[in-house]
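Undergrad: here's a sequence, model it:
(one chain, ligands or ions: 2)
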Amino acid sequence: MEYPIISKPNSYDDVLEPNLTNYEKSVQDFDWQEMRNRLNGLPSGGLNLAHEAIDRHVDLGNGSKVAMYWEGSNGEEETYTFNDMKAQSNKFANVLSKLGIQKGDRAFIFMGRVPELYFAFFGILKVGAIAGPLFSAFGPDPVKDRLLDSGAKVLLITPDLRNKISNILPDLPDLEHIVVINKNNRHENPLQDGDVSYEAEMESASADFETVNTQEEDYSIMHYTSGTTGKPKGAVHAHIAALQHMATGKWALDLHDEDIYWCTADPGWVTGTSYGMSAPWTNGVTQVIYEGGFRASDWYQIIQKYKVSVWYTAPTAIRMLMKAGDQIPGRYDLSSLRHMCSVGEPLNPEAVVWGQNVIGMPFHDNWWQTETGAILIANYPVQDIRPGSMGRPIPGVKTAIVDDEGTEVEPGTEGDLAVKPGWPSMFRTYWKNQEMYDSKFKNGWYLTGDRARMDSDGYFWFVGRADDVINTAGHLVGPFEVESALIEHPAVAEAGVIGKPDPVAFEIVKAFVSLHDGFERTDKLRNEIMGFVRSKLAAGVAPREIEFLDSLPKTRSGKIMRRLLKARELGLPEGDTSTLEED
Ligand code: ATP
Ligand code: MG
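TA: Ligands and ions are numbered 1, 2, ... in the order given. Model prediction:
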C-alpha cells in the first residue's frame, strides 16, 4: 500500500525562532550560539541542567506553576510546582553534600517513577555529580554490572529493590552510601544496617542550596544503552545538552506554555530523562508522571483525566494500543490531545495512519539514540508527514548517508546514517571505554550504526540496524520494510525479521510474527501472510519462512531484539540479555 502524505495536522504559532515553518531557511540561518542565549546560565557563570529546568522558572516568577502531576500505581495523586521542585532538589543536594558527594562523583538511582526520583535527580545535578538512572525492572546482575562499571558512590533505592539486590552489594567497592526512599511509608521496615533514610535526612535538610558552578562541558548524566545489539554501553552527556532538549522540545514536540505533556518513557532510558525531565521543564511545561505500567485503558484514562495535550511514546506501546482494539479510544475523551510523537524503534506507517484514523491525528516519528542525547531527525508539527519516514534533521545538525569509506552518497542510496560531530547533546564518551567511543567515528562523521536512505527532499528513511540488515541472493534487505508489510496483514500484531544462513542465497529472510487475538496459527494463515507480503514487496524480499510466536523478545525499553531471534534460530549463545524483558 502506498501511504499518502499526511498534510500539516496542526500548525502552531511558535515563540521559538526559528519555528521551522520555512524549514530550509530555518536550517540555513541557524546558529547554536544564538539559541544558547535562551538559557540563563548560573549566577556564577557556569551552566547546570537543574538550574535551567527548575530554578530558572522560580527566578522568572513562575514558581507557582505546576511542574508535575504525579499519579501513583495505587491511584495516589500528588502535585508539585516549580517552587516545590526547587526546594526538594535543594534539600537533596544538601543531603548529598553532607554524605560527601562531590562534583564528578556518580550517583545512581534505582527505583520506579515516584516524585522523589525527580527531586533526587536534580539534587544530584546541583552538587555537580553525574546522575545515572537505572530501570527499576532490572534484576541484580545488570544493576551490579552498571554500578561496578560506573564506580557509583551513592545509590538511591526503594526498600523492595534493596532487598532484591542485597546479594550484590558486598561486591561494589566504590559504593559508599545507600539512600533508601520509603515513598508514603509503603514499607514497614524500610531500613537495613548502614542505610541512610531519605525521609529522615530530607526533613532536617535546608531548602537553600547554591548550585555548584558546573560548566557547559561538565558531565551531567550517564545512560547505559538499551542493549538491543550487544552489551549496553555507558554514554555520558554534558550539561549543555539542555540546550538541545529545550529546542527540540519546541520543534519536534511542539511544547507550549499551556500544555500538559506526558512522556511514557522511564527515566532509566534516555528518553525518560531528555524528554521526561529536561525538554518539558527547560520549557517550563507542566507534565504528568504516571508510575504505573502499560495498560491500554489506563493510558487512555490518564490522557482524559489530566487533559494531556502533547504525548510522547514508543512504537511498541502504539502497537499494543492497536492490538487492544480500535473501539477502546472512543470510550474516552481524548479531545485534549493536540500532538503525538514516537521514538525508539522504526514506526511502521501502519501505526502512523492508525493514529490518524482512530485517535484523530497521526503519530510524528522522530529518530535519535542514547549517544545523540536528543532528537536529531523528526517529523515536525508544522510540516507534512511522510508515513514511514523519520523526518528531516533539526537545525544546527548535519546528518547524511555515507558509504563504507565515510563518503556522502547520492539521495536515494542506502548507506550508514552519519552525523557531523559537535551538536550540543552529543555523548562525550562511553564511560571507561574510549576505544569503543573512538571506533564510532570515521572520516569526520559519527556513525550511528543504523542504515538508512535520504530522499531528494531530505527526508530520512530507516532501513535497519547495520547488524540486522539481511543479505539475500545479493540483495540487501532491511528488516523494517518487511516487518511493516507484515503488520499490514490484519492477523499480524508484531513482526521481527532476520537473515537465516542459507547455502544458496547466503541468507534467506525469515519472519517471526505474533498474531492478534482471535487468529489461529495455521499453515493456511502462514501461506496467506506470505502471499500477502509477496504481493507488496519483491518476491526476493518477502519472507521465505514464517514462524509464529506468542510474543517477540524485546528489551525492557520495548525494542524487538532481532539478534536474539537470530541466536535462538541458530542455536548460538544469546549474548548479553541483561535488558531482555521478562514474559
Ligand atoms: P544498543 O546500542 O545497546 O544496541 P539501542 O541502540 O537499542 O541499544 P538506544 O540508544 O536506546 O539503544 O536506541 C537507539 C536506536 O533505536 C537507534 O540507533 C535506532 O536503531 C533505533 N531507533 C530509535 N528511534 C528510531 C526511529 N524513529 N526509527 C527507527 N529506529 C529508531
Ligand atoms: Mg545503539
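Undergrad: show me what from this protein comes close to ligand 1.
TA: 225-230, 232, 343-347, 365-367, 369-370, 390, 448-450, 462, 465, 557, 559 (C-beta under 6 Å from any ligand atom). The C-beta positions use only the backbone N, C-alpha and C, and glycine is treated the same way.
Undergrad: so how do I select the buried members of the residues you listed in ChimeraX?
TA: Those of these that count as buried under 16 or more other C-beta atoms under 10 Å are selected in ChimeraX with:
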select :225,226,227,228,229,232,343,344,345,346,347,365,366,367,369,370,390,448,450,462,465,557,559
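Undergrad: what about the residues of the chain next to ligand 1, which are in strands?
TA: 365-367, 448-450, 462, 465 (DSSP state E).
Undergrad: right, and the pair among these with maximum separation?
TA: Asp365 and Gly449 (18.4 Å; C-beta to C-beta).
Undergrad: and the residue nearest to Phe209 when sequence neighbours are not counted, what element?
TA: What sits nearest to Phe209 in space, not counting adjacent residues and going by C-beta to C-beta, 6 or more residues apart in numbering, is Asn90, at 3.8 Å. Per DSSP states H and E: Asn90 is located in helix 82-98.
Undergrad: and the contacts of the helix or strand following that helix?
TA: Next helix or strand after helix 82-98 toward the C-terminus (DSSP H and E): strand 106-110. For strand 106-110, the external contacting residues (C-beta atoms under 8 Å, 6 or more residues apart in numbering) are 96, 101, 117, 120-121, 124, 129-134, 136, 138, 143, 146-147, 150-157, 161, 165, 222, 267.
Undergrad: okay, stretch 435-451 in CSV with CA atoms only?
TA: Taking C-alpha atoms only, stretch 435-451 is exported to CSV below (Å, rounded to 0.1, in the frame of the first residue of the first chain):
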residue,chain,number,x,y,z
GLU,A,435,38.4,2.9,22.4
MET,A,436,34.8,1.9,21.7
TYR,A,437,33.9,5.6,21.5
ASP,A,438,36.7,6.3,19.0
SER,A,439,35.6,3.4,16.9
LYS,A,440,32.3,5.2,16.2
PHE,A,441,34.0,7.9,14.1
LYS,A,442,35.1,7.8,10.5
ASN,A,443,36.2,10.4,8.1
GLY,A,444,34.9,13.2,10.3
TRP,A,445,31.5,11.5,10.8
TYR,A,446,29.9,9.9,13.8
LEU,A,447,28.5,6.6,12.6
THR,A,448,25.2,5.8,14.2
GLY,A,449,25.1,2.0,13.4
ASP,A,450,21.8,2.5,11.6
ARG,A,451,21.2,2.0,7.9
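Undergrad: please compute how far that stretch lies from its chain's middle.
TA: 20 Å (C-alpha atoms, centre = their mean, to the nearest Å).
Undergrad: would you mark the buried spots in that stretch?
TA: 437, 440, 445-448, 450-451.
Undergrad: same list (those residues) but as CSV, adding distance to Pro43.
TA: As requested, the buried residues of stretch 435-451 are arranged in CSV below (distance: C-beta to C-beta, whole Å):
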residue, distance to Pro43
Tyr437, 34
Lys440, 37
Trp445, 39
Tyr446, 34
Leu447, 40
Thr448, 38
Asp450, 41
Arg451, 47
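Undergrad: count of neighbours near the residue of the stretch 1-150 of the chain found nearest ligand 1?
TA: The nearest approach of the stretch 1-150 of the chain to ligand 1 comes at Phe135, 11.2 Å away (C-beta to the nearest ligand atom). Phe135 is flanked by 21 other residues according to other C-beta atoms under 10 Å.
Undergrad: in which helix or strand would I find the nearest residue in space to it that is not next to it in sequence?
TA: Once flanking residues are discounted, Phe135 sits nearest to Gly268: 2.9 Å by C-beta to C-beta, 6+ apart. Assigned by DSSP H and E, Gly268 falls within no helix or strand.
Undergrad: what's the pLDDT at the closest residue to Thr579 other than its chain neighbours?
TA: Nearest in space to Thr579, with sequence neighbours left out and distances taken as C-beta to C-beta, 6+ apart, is Gly227 at 3.8 Å. For Gly227, the model assigns a pLDDT of 86.
Undergrad: what's near enough to touch Gly227?
TA: So Gly227 contacts 555, 576, 578-579 (C-beta under 8 Å, 6+ apart).
Undergrad: same thing but at 10 Å, please
TA: 142, 233, 555-557, 559, 561, 563, 575-580 (C-beta atoms under 10 Å, 6 or more residues apart in numbering).
Undergrad: any idea how far Asp416 is from it?
TA: 21 Å (C-beta to C-beta, to the nearest Å).
Undergrad: ok, Trp311 touching Ala265?
TA: No. Trp311 lies out of contact with Ala265 (C-beta atoms under 10 Å); the separation is 11.5 Å.
Undergrad: for the nearest residue to Pro479 once chain neighbours are set aside, which residues make a bridge with it?
TA: Using C-beta to C-beta, 6+ apart and skipping the chain neighbours, the partner closest in space to Pro479 is Val497 (4.0 Å). Bridge pairing for Val497 (DSSP bridges) gives the partners Ala511.
Undergrad: what's the burial count for Val497?
TA: 30.
Undergrad: tell me the contacts of it?
TA: Val497 neighbours (C-beta under 10 Å, 6+ apart): 464, 468, 470, 477-486, 509-513, 533, 541, 543, 546, 560, 562, 565.
Undergrad: try it again with 7 Å
TA: 479, 482-483, 509, 511, 543 (C-beta atoms under 7 Å, 6 or more residues apart in numbering).
Undergrad: look up how far Ala491 lies from it.
TA: 16 Å.
Undergrad: Phe82 too?
TA: The value you get for Phe82 to Ala491, if C-beta to C-beta is used, is 49 Å.
Undergrad: could you do Glu371 as well?
TA: From Glu371 to Ala491 the distance is 37 Å (C-beta to C-beta).
Undergrad: what's the burial count for Lys323?
TA: Lys323 has 14 nearby residues by other C-beta under 10 Å.
Undergrad: do the same with Gln28
TA: Neighbours of Gln28 (other C-beta under 10 Å): 10.
Undergrad: helix, strand or coil for Gln192?
TA: Taking DSSP: H, G, I helix; E, B strand; the rest coil as the rule, one finds Gln192 in the coil state.
Undergrad: just give the nearest non-adjacent residue to it, would you?
TA: Per C-beta to C-beta, 6+ apart, closest to Gln192 is Arg162, 6.9 Å.
Undergrad: Ala491 is in contact with Leu515, correct?
TA: Yes. Using C-beta atoms under 7 Å, Leu515 makes contact with Ala491 at a distance of 5.3 Å.
Undergrad: isn't Ala265 up against Thr273?
TA: No. Using C-beta under 7 Å, Ala265 is not in contact with Thr273, being 8.7 Å away.
Undergrad: comparing those two, which residue is more hemmed in?
TA: Shown here are Ala265 and Thr273; by other C-beta under 10 Å, Thr273 has more neighbours (26 against 22).
Undergrad: surely the more buried one is in contact with Ile221?
TA: Yes. Using C-beta under 7 Å, Thr273 makes contact with Ile221 at a distance of 5.8 Å.
Undergrad: okay, Phe82 and Ala491: which has more neighbours?
TA: Phe82 (25 against 20).
Undergrad: please name the residues that touch that one.
TA: Neighbours of Phe82 in contact, by C-beta under 7 Å, 6+ apart: 54, 57-58, 62-63, 65, 67.
Undergrad: out of these, who's the most crowded?
TA: Ile54 (32 neighbours).
Undergrad: surely it is within a strand?
TA: No. Going by three-state DSSP, the assignment for Ile54 is helix, not a strand.
Undergrad: what pLDDT is listed against it?
TA: 97.
Undergrad: can you check the one 4 residues further on too?
TA: As predicted, Val58 sits at a pLDDT of 94.
Undergrad: ok, Asp550 next?
TA: 95.
Undergrad: same question, Pro232
TA: At Pro232, pLDDT is 88.
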